[in-house]
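Enquirer: Below: sequence and its predicted model.
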Amino acid sequence: MVGILLEDLDLAVSDGHIALGDNRMDVIENIIDSNEGEWKANKFLGVGIKKMIAQSGGGSEIRQKVVENLNRENIKVENIQVDNENIDIEI
């Protein structure tokens, strides 16, 4: 998916222009960080990872919620690994 690239949640700039490219990882990061109801275009989008970590007992719930949300945005997940500190996603 080609779109505007982000760098530390700000627009990425290349040669004085807004950078464009494969922005799937930026989209994934935003979906995981956001909570349900924060996206005007899709009120069901958002993992709310901080809340899930505080409430969840295991990585399987987090894994399922991430995959469901990414499927809503037509991002197909090849593999996802969740541990105590990281979420590794292969697309």
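Expert: Received it, and whenever you're ready, just let me know what you need. A quick note: this is a predicted structure, and the numbers were derived from the prediction, not measured.
Enquirer: Could you check which helix or strand contains M52?
Expert: According to DSSP states H and E, M52 maps onto helix 49-55.
Enquirer: which helix of the protein spans the most residues?
Expert: Counting by DSSP state H, the longest helix found in the chain is helix 59-72.
Enquirer: so what does the helix or strand just after that helix touch, helix or strand wise?
Expert: Later in the chain than helix 59-72, the nearest helix or strand by DSSP H and E is strand 79-82. In terms of contacts (3 or more C-beta pairs under 8 Å, 6 or more residues apart in numbering; DSSP states H and E), strand 79-82 is packed against helix 59-72, strand 87-90. Just so you know, the C-beta spots here come from the backbone N, C-alpha and C atoms, and that holds for glycine as well.
Enquirer: Residues contacting the least confident helix or strand in the chain by mean pLDDT, please?
Expert: Least confident helix or strand, the chain: helix 49-55 with a mean of 83, by mean pLDDT, DSSP states H and E. Helix 49-55 has contacts (C-beta atoms under 8 Å, 6 or more residues apart in numbering) with 32-33, 35, 61-62, 65, 87.
Enquirer: how far does it sit from the chain's center?
Expert: In terms of C-alpha atoms, centre = their mean, to the nearest Å, the gap separating the centre of helix 49-55 from the centre of its chain is 15 Å.
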